[in-house]
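Peer 1: sequence below, structure please.
(one chain, ligands or ions: 3)
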Amino acid sequence: MKELKKYLDTNQERFLNELLEILRIPSVSADPKYKDDVRRMADATAAHLSKVGVDNVEVLDTPGHPIVYGEKMIDPKAPTVLVYGHYDVQPPDPLDLWDSPAFEPVVKKTKVHPKGAIFARGSCDDKGQFFMHVKAFEAMMQHGKLPCNVKFMIEGEEEIGSKNLEEFCKKNKIKLACDVVLISDTSIIDNNTPSLTVGLRGLAYMEVEVTGPNKDLHSGVYGGAVANPISVLSAMIASLHDKKKKVTVKGFYDDVQKLSAKERKRLNDAPYDEKAYMKDLAVDALMGEEGYTTIERTGIRPALDVNGIWGGYTGEGAKTVLPSKAFAKISMRLVPNQDPKKIEKLFQKHFESLAPKSVKVKVTALHGGHPVVVPTNSVEYKAAEKAMETTFGKKPLPQRGGGSIPIVAMFDQVLDARSVLMGFGLDSDAIHSPNEHYGLFNFYKGIETIPYFYQYYAEMKRR
Ligand code: BES
Ligand code: MN
Ligand code: MN
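Peer 2: Ligands and ions are numbered 1, 2, ... in the order given. Below you'll find the model as predicted:
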């Protein structure tokens with residue numbers, strides 16, 4: 001492993017420049033206007049895989065964006081690791097809140113990242129993180145130290161729900177057969193406190209439409225006599241939380257798994273600085289479900305958020321209008337054992353029941369995913385734990401992540417493969433926000449840690 005470390009050290013700058021190059025490609029999956037760029041990013045990913053010695057690299061078309069696949073089979077008796085990541089990114093909006101353009105990466109020092117961080121959309125989520133695996137693979141190949149078979153599957157639709165990947169997995173069970181899935185698309189607690197993600201929340205994403213009168217009306221001629229759909233929608237949304245900030249959707253908590261006092265204590269033993277958390281967000285107080293800590297509110301408790309709301313006149317100046325329609329996007333983060341399909345139905349029924357007679361309501365489910373919990377007594381967890389302990393000098397803490405990666409539950413069900421969620425980002429890296437960044441420390445630490453995972457995993461499997 002010494003020569004390997006030396007290889008990493010001497011190639012640091014090239015690795016960084018290669019990453020900066022792919023960060024310049026605006027592979028925004030949600031917006032059709034970037035379709036060609038997404039394709040270009042898939043091709044660039046494939047080229048990188050081929051260059052470092054991955055075999056049978058393919059860019060596979062789907063009804064949406066392509067899936068990049070490649071493999072290196074060294075020995076049928078060796079365990080097989082499936083590396084999953086995503087090359088698509090979130091839209092960069094709002095553009096004017098970026099200090100430098102989203103697709104023109106720059107390296108700057110910050111308080112949290114004194115050695116520098118790469119500022120660009122996708123730097124942390126997930127280009128910077130999946131690229132660590134490409135470079136770790138390169139290093140292992142250069143030193144004849146690849147102890148496992150490797151399959152790479154890097155998709156272009158994670159940020160829009162991985163619909164086509166789900167189909168692809170179902171149709172390609174043999175191609176994707178593996179002993180473990182290795183994913184870097186989550187965070188560690190901080191750069192001195194390594195952690196492994198042992199839970200992801202599920203998701204049920206809804207859109208609602210409230211219709212009042214059949215056309216936009218003069219708000220003077222009709223105002224005061226006809227229901228305003230924006231006011232009605234606002235009141236309906238406001239009623240989705242009670243005084244104690246519990247979600248009021250009937251049946252919402254029915255299946256929520258309760259943790260023992262001991263498990264809750266263990267979660268809350270993780271370092272967490274509430275003052276720093278609030279300062280980072282410039283808020284004077286936090287708000288959430290009564291009786292739970294912040295770690296619990298994002299880790300083991302479900303939540304409901306309005307992601308967007310629109311309707312009426314929002315242009316320059318004033319227009320006196322009583323609009324016909326109002327809309328909102330509402331998502332629910334789910335925890336074990338909530339079922340996204342069941343929650344969609346409960347939400348729909350509840351939301352419809354809230355509507356006064358003066359309006360009509362339409363509720364649509366957009367996408368969803370199951371929550372995930374990862375056992376900590378498995379071979380793959382132990383190997384990841386030992387790998388991080390080797391490079392950080394500290395045993396990683398098991399931590400529940402608040403975000404979602406819907407495909408992980410699918411890997412479990414469809415491929416019968418467990419995932420290792422060994423991410424290296426920080427929650428403060430502003431993923432999905434303006435000024436997203438990824439620490440150089442994190443990027444290099446990830447590349448250094450990954451080969452140890454392969455080594456320990458192969459050793460532990462052999463025993
Ligand atoms: N990498 C994130 C998920 C994540 C971030 C998990 C931080 C844990 C910690 C992923 O790219 C993501 O953003 N997922 C979406 C879900 C998707 C269906 C849009 C999410 O969580 O909103
Ligand atoms: Mn991601
Ligand atoms: Mn994301």
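
Peer 1: what parts of the stretch 51-200 of the chain come near ligand 2?
Peer 2: 125-126, 185 (C-beta under 5 Å from the ion). Where C-beta positions appear, they are placed from N, C-alpha and C, glycine not excepted.

Peer 1: hmm, 6 Å instead?
Peer 2: Applying C-beta under 6 Å from the ion, one finds that the stretch 51-200 of the chain approaches ligand 2 through 86, 125-126, 158, 185.

Peer 1: need the helices for the stretch 251-400 of the chain, in chain order.
Peer 2: Secondary structure of the stretch 251-400 of the chain (DSSP state H, counting those that start in this stretch): helices at 261-268, 274-281, 294-299, 340-354, 379-392.

Peer 1: what residues go with each domain of this structure?
Peer 2: As given by automatic domain parsing, the domain ranges for the chain are 2-200+371-462, 202-256+302-369.

Peer 1: now residue 390. Nearest residue, chain neighbours left out?
Peer 2: residue 452 (5.1 Å; C-beta to C-beta, 6 or more residues apart in numbering).

Peer 1: okay, now residue 200: neighbour count?
Peer 2: Residue 200 has 30 neighbours, counted by other C-beta atoms under 10 Å.

Peer 1: before we move on, back to that, export the helices of the stretch 251-400 of the chain to CSV and tack on mean neighbour count?
Peer 2: Shown next, in CSV, are these (neighbours: other C-beta atoms under 10 Å):
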stretch, mean neighbour count
helix 261-268, 13
helix 274-281, 12
helix 294-299, 19
helix 340-354, 18
helix 379-392, 20
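
Peer 1: out of those helices, flag the one nearest residue 11.
Peer 2: When the helices of the stretch 251-400 of the chain are compared by C-beta to C-beta, helix 379-392 sits nearest residue 11, at 17.0 Å.

Peer 1: which residues are in contact with that closest one?
Peer 2: Residues from elsewhere that reach helix 379-392 (C-beta atoms under 8 Å, 6 or more residues apart in numbering): 179-180, 194, 196, 198, 374-376, 394-396, 418, 420, 422, 445, 448-450, 452-453, 455-457, 460-461.

Peer 1: quick one on the thing from earlier: and residue 75, which of the helices of the stretch 251-400 of the chain is closest to it?
Peer 2: Of all those, it is helix 379-392 that lies closest to residue 75, at 17.7 Å by C-beta to C-beta.

Peer 1: by proximity to ligand 2, which residue of the stretch 151-300 of the chain wins?
Peer 2: Closest to ligand 2 within the stretch 151-300 of the chain is residue 185: 4.1 Å, counting by C-beta to the ion.

Peer 1: now do the contacts for the nearest residue to that residue once chain neighbours are set aside.
Peer 2: Computed as C-beta to C-beta, 6+ apart, the closest residue to residue 185 that is not its neighbour in sequence is residue 126, at 4.7 Å. Contacts for residue 126 (C-beta under 8 Å, 6+ apart) come out as 85-87, 158, 184-185.

Peer 1: ok, and of those, which contact ligand 1?
Peer 2: 158, 185 (C-beta under 6 Å from any ligand atom).

Peer 1: among the contacts of residue 126, which are in strands?
Peer 2: Counting by DSSP state E, the contacts of residue 126 place 85-86 in strands.

Peer 1: below-threshold pLDDT in the stretch 251-400 of the chain: ranges please.
Peer 2: The stretch 251-400 of the chain contains no residues with pLDDT under 70.

Peer 1: residues touching the closest residue to ligand 2 within it, list them.
Peer 2: Residue of the stretch 251-400 of the chain nearest ligand 2, by C-beta to the ion: residue 369 (12.6 Å). Going by C-beta under 8 Å, 6+ apart, residue 369 touches 161-162, 202-203, 340, 404-407, 409.

Peer 1: which members of those residues are classed as buried?
Peer 2: The neighbour-count test (16 or more other C-beta atoms under 10 Å) marks 161-162, 202-203, 340, 404-407, 409 as buried among these.

Peer 1: for those residues, which one is nearest ligand 1?
Peer 2: residue 404 (3.8 Å; C-beta to the nearest ligand atom).

Peer 1: strands of the stretch 1-150 of the chain, start to end?
Peer 2: 55-60, 67-72, 80-86, 106-108, 117-119, 149-155 (DSSP state E, counting those that start in this stretch).

Peer 1: return the set of buried residues in the fourth one.
Peer 2: Residues residue 107 are the ones in strand 106-108 that count as buried (16+ other C-beta under 10 Å).

Peer 1: in its sheet, what does that strand sit against?
Peer 2: Strand pairing for strand 106-108, using DSSP bridges, gives strand 117-119 (antiparallel).

Peer 1: what's next to the partner strand, contact-wise?
Peer 2: By C-beta under 8 Å, 6+ apart, strand 117-119 touches 16, 19-20, 23, 99-100, 105-110, 123, 128, 429, 435-440, 443.

Peer 1: buried ones among those?
Peer 2: Buried members of the contacts of strand 117-119, scored by 16+ other C-beta under 10 Å, are 16, 19-20, 23, 105, 107, 123, 128, 429, 435-440, 443.

Peer 1: which two of those have the greatest separation?
Peer 2: Taking every pair in these and measuring C-beta to C-beta, the maximum separation is 18.6 Å, between 16 and 435.

Peer 1: so which bits of the stretch 301-450 of the chain are right by ligand 2?
Peer 2: So the stretch 301-450 of the chain never meets ligand 2 (C-beta under 6 Å from the ion).

Peer 1: go again using 8 Å as the cut-off
Peer 2: Residues of the stretch 301-450 of the chain lying close to ligand 2 by C-beta under 8 Å from the ion are 403, 405, 431.

Peer 1: partner residues bridging the nearest residue in space to the second one that is not next to it in sequence?
Peer 2: Sequence neighbours aside, residue 200 is the residue nearest to residue 405 in space, at 5.6 Å (criterion: C-beta to C-beta, 6+ apart). Beta-bridge partners of residue 200, counted by DSSP bridges, are residue 372.
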